[in-house]
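>>> Please work out how this folds:
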Amino acid sequence: MLEETEKKLNVLKSTNKIDEQTLVFIKKVDEYLQEETGYVNNGMLLMHLAIAIARARENNSIDKMPDIMRVEMENSQYFRRANNIWTLLENDSPVKLNHDEVQYIILHIIT
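Below is the predicted model:
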């Protein structure tokens, strides 16, 4: 995890936006993605994931992904792999995320 991302996540934890369980999960996601994809700059995904978990715990939601964006994502050559990665990771998530959140997370995994 990049130092900048870790600092941001620690700010979220120190302000009680996320808890230790969420932070552990996010670090696990980062480690898995680095091992599976070799990509180390997962900051946008990790921050979105932290905020998505906080939203779910507060019973808030994100706007639905625009159809044109969703179709483009689903037609990406990387969609299936990204979806499979999230399917493996979500089992350890401290909360179940709704479909709209998951779509944005998969988009972040693709990009």
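>>> Run through the residues that contact the residue located most distally from the centre of the chain.
Taking CA atoms, centre = their mean as the measure, the residue most remote from the mean C-alpha position of the chain is Ile68, 21.0 Å away. By CB atoms under 8 Å, 6 or more residues apart in numbering, the contact set of Ile68 is empty. The C-beta positions use only the backbone N, C-alpha and C, and glycine is treated the same way.
>>> So it: helix, strand or coil?
The three-state assignment at Ile68 reads helix, by DSSP: H, G, I helix; E, B strand; the rest coil.
>>> Could you measure from it over to Leu46?
Distance, Ile68 to Leu46, by CB to CB, to the nearest Å: 26 Å.
>>> Check Ile53 too.
11 Å.
>>> again with Lys13
Applying CB to CB to Lys13 and Leu46 gives a distance of 13 Å.
>>> mind listing the helices for this structure?
3-14, 20-37, 43-57, 67-74, 79-89, 99-110 (DSSP state H).
>>> need the ones you listed in a markdown table with mean pLDDT, can you?
Shown next, in a markdown table, are the helices of the chain (pLDDT from 0 to 100):
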| stretch | mean pLDDT |
| --- | --- |
| helix 3-14 | 94 |
| helix 20-37 | 94 |
| helix 43-57 | 95 |
| helix 67-74 | 96 |
| helix 79-89 | 95 |
| helix 99-110 | 95 |
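>>> residues touching Lys27, list them.
Neighbours of Lys27 in contact, by CB under 8 Å, 6+ apart: Met1.
>>> do His108 as well
Applying CB under 8 Å, 6+ apart, the residues near His108 are 44-45, 48-49.
>>> ok, now with 7 Å
Neighbouring residues of His108 by CB atoms under 7 Å, 6 or more residues apart in numbering: 44-45, 48.
>>> Please apply the same query to Met73.
Met73 touches 79, 106-107, 110, counting by CB under 7 Å, 6+ apart.
>>> distance of it from Leu45?
For Met73, the distance to Leu45 - CB to CB - is 14 Å.
>>> Same check on Asn10?
Distance from Asn10 to Leu45, by CB to CB: 17 Å.
>>> out of these two, which sits in the more crowded spot?
Using other CB atoms under 10 Å, the more surrounded residue of Asn10 and Leu45 is Leu45, with 23 against 12.
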